[in-house]
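Provided below are the primary sequence and the corresponding predicted coordinates.
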Amino acid sequence: MVPTAYYLILAAVLFSIGVCAFLIKRNVITIFMSIELMLNAVNLSFVAFAHMWHRIEGQIFVFFVMVVAAAEAAVGLAIIIALFRARQTLNVDQVNLMKD
Amino acid sequence: MNDTLLWLIPTLPFAGFLINGTIGRKFPRALVSTVALLFTLVPALIVLKLWVYMKSAGAPDHFTLTGAPWIAISGYQVNFAFAIDHLTLIMLGVVTGVGFLIHVYSVGYMAEEEGYWRFFAYLNLFMFFMLVLVLAASFQLLFVGWEGVGLASYLLIGFYFRRDSAANAGKKAFIVNRIGDFGFLLAMFLLIAHFGSLDFANVFGQVNALPHGLTGGFLTAICLLLFVGAAGKSAQIPLYIWLPDAMEGPTPVSALIHAATMVTAGVYMVARCHVLFDRSPSALAVVAIIGCATAFFAATIGCVQHDIKRVLAYSTVSQLGYMFLACGVAAYSAGIFHLMTHAFFKALLFLAAGSVIHALSGEQDMRVMGGLRKRIPITFWTMTAAVFAIAGVPPFAGFFSKDEILYRTFMQGGALGYTLWAIGLLTAGITSFYMFRLWFKTFFGEPRFDEAALAHGHGAHATYQQPDEDLASVHARRESHATMVAEPEHDKGQAAHPHGVHESPWVMTVPLIILGILSVIGGWVGISAALGGHNEFEHFLEPVFAGIGGAVALPEASRGLELGLAAISVLVALLGLFIAYAFYYRKPGTAATLAERYKPLYNLLDHKYWVDEIYGRLIVSPILMLSRIVLGGLVDGLVVQGTAATLAGGTRGLGWLARRMQSGNIRSYAGWLAFGAAVVIAIVLFVVHPVHANTVVINTR
């Protein structure tokens, strides 16, 4: 039996990696993937807690998150394609029209 | 007597003010003057009716009109209330009568001026406040009138507001009056504290109910503070400095406000509060001494002034001093008597001086007048009546009132009484001297003005034909004068329509003639018994001043004394006339020679004892310094502006910081988001629900 703490530590590590990647990376797709990573880190902790307390709600929440993430991925990817068509780049540092 | 009619006395001039002041700008001049005259004539007629009623048999000595409540707080109520007694009646007569005549005169005098409607609106406003002042039945309402006439005075002194000296003179009058009003306010606070009321009848009733021997104490304090107010309004030492500068206003204003009515408000107030003053011999002594000193000093200054209106201004200050002297020796009816005759002859003097100025197209300097006797005969003859009246030559009006004051002062006895009498007598001589000096210089001798310049419209002041005395050096001095001393210029509008020397139109001469007649016969109502009269004036005022030591009939034995004193004062007046005749008519150079010989004395008088300069150094400059450094620099600079600047700077700094976050860089937003989330988590963990090792049990199975 793997202790719950291990799952949590793994989730925290995954989440931190997601955050760091989100902050550091410039490519929009990589950023998008790091968001997914963060979401899945959270999912992992949900599942871990659900398992620990023997409750079903955590598992159900994971499904919700997955559905939302899928929807988000669809919208996000569409935005990325539109962005690329408009700007011919995926570098977020060059997508700063609002700032100027 | 119909109450509504009485309410109309003050409200009609106010209606005139509202009409002319709001829509008068659009009116033709004739309509403006019609409104102004009508709304002062009707109150004068009502006063006449009131006068007849009060004189009729069976009429009450005094009655009160109570109107709507004005201030009503728990246990303390003030109504709009008017009290009418014989003193009020005399003041009403003077204010409405002389006021109406001056309104008539103004129609002619101001005919060519800009701001015609404004002038008459202000004049009506003044009438309103002055009537409120004399009718008031309580100190509060009196104070409303008191402040209101100050406002009207300020507006009218600064009537030619485009001229700096006029605007400054207005401000000076207002500020100096504030000092007096401060005393008045303190006196009212003391009255409330001690009597719980400011109603005349209530306060005086309580004072009368005090034990008989009780004098002085807080009553002295109240009286002295009241007198501070009176000294401000009535231009007494040490607050007289505003009145000479007030001559910047148009001449009818000088006649109405700064000679006949407003400046006598202080005398009226002291007489009205005689119950208080009678309880405080020391306050009365102060009033007498200040009045006498003012009379003397102002008269001496008047001797060396060259501006015709300034001579009259100092003469007004001096005559007001006489009135206070009378009040100070508890001869209130004599003071009010002099107030009335003074209103006649001093208003006439100013109006006649205005007529002279009008004739000379705005010239006010007596050194460039002369020989006007034949040219403007009506002005000359009316002014002659006024000059003889103020000089105290019998049987003109001023003689009887001034003589009454001097006699009462003498009768008070004691070292103080005799000293005051001697100074008063000397002042009478000086008064006679400077008034005849004005008379001779203006109307006799060779014309010293430039007729050609007047006739051809090259401006009145263009050239001097024969400047006498040290005109050039005086003018040089004027240039370098301290800013506080506002030297008079000419009435601007009068200079604007130059033509030859001419008599004034009838609207100006008719008031002159009426006032001239009053200056001759006005004193006959108060001829004392010793001089063969019945002193009706004093008997008329007896209900008001009843129970005052001086007011009871004096013993027969003193008649000889009174006659002797009257003879002395006539002699002194004639002496003044003779000296003026010698100096300014027979040998016109004498005065200049004397001035040269006694240079320091002449300079002292010419500079008005340097009072303006002393005040400037001792009071104005330190206050200005204080304002600049403490108020301007410290309070305004550091506190007021500092607070604003700190707030603005802080906001800007915060904005600068916050703006850093809005970089437009998605990752920095994300970073802030992460940072914020971390902070929230930290707060929740460590602050809101502090972590305790044994409360969080994570199942490690």
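Thanks, I have it.

just how off-centre is stretch B:66-75 within its chain?
Its chain's average C-alpha position is 30 Å from that of stretch B:66-75, according to CA atoms, centre = their mean, to the nearest Å.

What would that stretch look like as CSV? C-alpha coordinates only.
The C-alpha trace of stretch B:66-75 is given here as CSV (Å, rounded to 0.1, in the frame of the first residue of the first chain):
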residue,chain,number,x,y,z
THR,B,66,-43.0,91.6,17.3
GLY,B,67,-42.8,89.6,14.1
ALA,B,68,-42.0,86.1,13.2
PRO,B,69,-39.6,84.1,15.3
TRP,B,70,-36.1,84.3,14.0
ILE,B,71,-33.9,82.1,16.2
ALA,B,72,-35.7,79.6,18.3
ILE,B,73,-33.8,77.0,20.2
SER,B,74,-34.7,75.4,23.5
GLY,B,75,-35.4,78.1,26.0
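
Strands of chain B, residue ranges please.
B:63-73, B:76-84 (DSSP state E).

What number of residues are in the vicinity of the closest residue to B:Glu596 other than its chain neighbours?
In this structure, B:Glu596 finds its nearest non-sequential neighbour in B:Tyr602, 7.9 Å apart by CB to CB, 6 or more residues apart in numbering or on different chains. Yep, even glycine has a C-beta here, placed from its N, CA and C like the rest. If you count neighbours by other CB atoms under 10 Å in any protein chain shown, B:Tyr602 ends up with 19.

that older thread, can you tell me which of the strands of chain B is nearest to B:Arg25?
strand B:76-84 (30.6 Å; CB to CB).

what's in contact with that closest one?
Strand B:76-84 has contacts (CB atoms under 8 Å, 6 or more residues apart in numbering or on different chains) with B:6-7, B:50, B:54, B:62-72, B:135-138, B:140-141, B:196-201.

are any of these buried, and which?
Buried subset of those (neighbour count, 16 or more other CB atoms under 10 Å in any protein chain shown): B:6-7, B:50, B:54, B:62, B:65, B:135-138, B:140-141, B:197-200.

I'd say A:Thr4 and A:Ala50 touch.
No - with contact defined as CB atoms under 8 Å, A:Thr4 and A:Ala50 do not form a contacting pair (10.3 Å).

Run through the residues that contact the residue nearest to B:Leu320 when sequence neighbours are not counted.
Distances taken as CB to CB, 6+ apart place B:Ser234 nearest to B:Leu320, at 5.0 Å, with adjacent residues excluded. Residues in contact with B:Ser234 (CB under 8 Å, 6+ apart) are B:Val263, B:Thr264, B:Ala265, B:Gly266, B:Val267, B:Leu320, B:Met323, B:Phe324.

one more time with 6 Å, if that's ok
B:Ser234 is in contact with B:Val263, B:Gly266, B:Val267, B:Leu320, counting by CB atoms under 6 Å, 6 or more residues apart in numbering or on different chains.

And the residue nearest to B:Phe540 when sequence neighbours are not counted, how far from B:Phe537?
What sits nearest to B:Phe540 in space, not counting adjacent residues and going by CB to CB, 6+ apart, is B:His86, at 5.5 Å. In this view, B:His86 and B:Phe537 are 10 Å apart by CB to CB, to the nearest Å.

Which one's more surrounded, those two?
B:Phe537 (26 against 22).

Quick check, that one in contact with B:Ile527.
No - taking contacts as CB atoms under 6 Å, B:Phe537 lies outside contact range of B:Ile527: 8.7 Å.

Return the list of helices and strands in contact with the top helix by length along chain A.
Secondary structure of chain A per DSSP state H: the longest helix is helix A:57-87. For helix A:57-87, the packing partners by 3 or more CB pairs under 6 Å, 6 or more residues apart in numbering or on different chains; DSSP states H and E come out as helix A:28-53.

distance between the helix it packs on and the chain's centre?
Using CA atoms, centre = their mean, the offset of helix A:28-53 from its chain centre is 6 Å.

do the same with stretch A:4-20
For stretch A:4-20, the separation from the chain centroid amounts to 12 Å (computed by CA atoms, centre = their mean).

And for it, what's in contact with it?
A:Ser34, A:Leu37, A:Met38, A:Ala41, A:Leu44, A:Ser45, A:Ala48, A:Met52, B:Ala674, B:Asn699.

that older thread, farthest pair in the contacts of B:Ser234?
B:Val263 and B:Val267 (8.5 Å).

Tell me, please, where in chain A the pLDDT is lower than the cut-off.
Chain A contains residues with pLDDT under 70 at A:96-100.

Just want the most central residue of chain B.
Closest to where the C-alpha atoms of chain B average out (CA atoms, centre = their mean) is B:Val263, at 3.8 Å.

Noted, bye for now.
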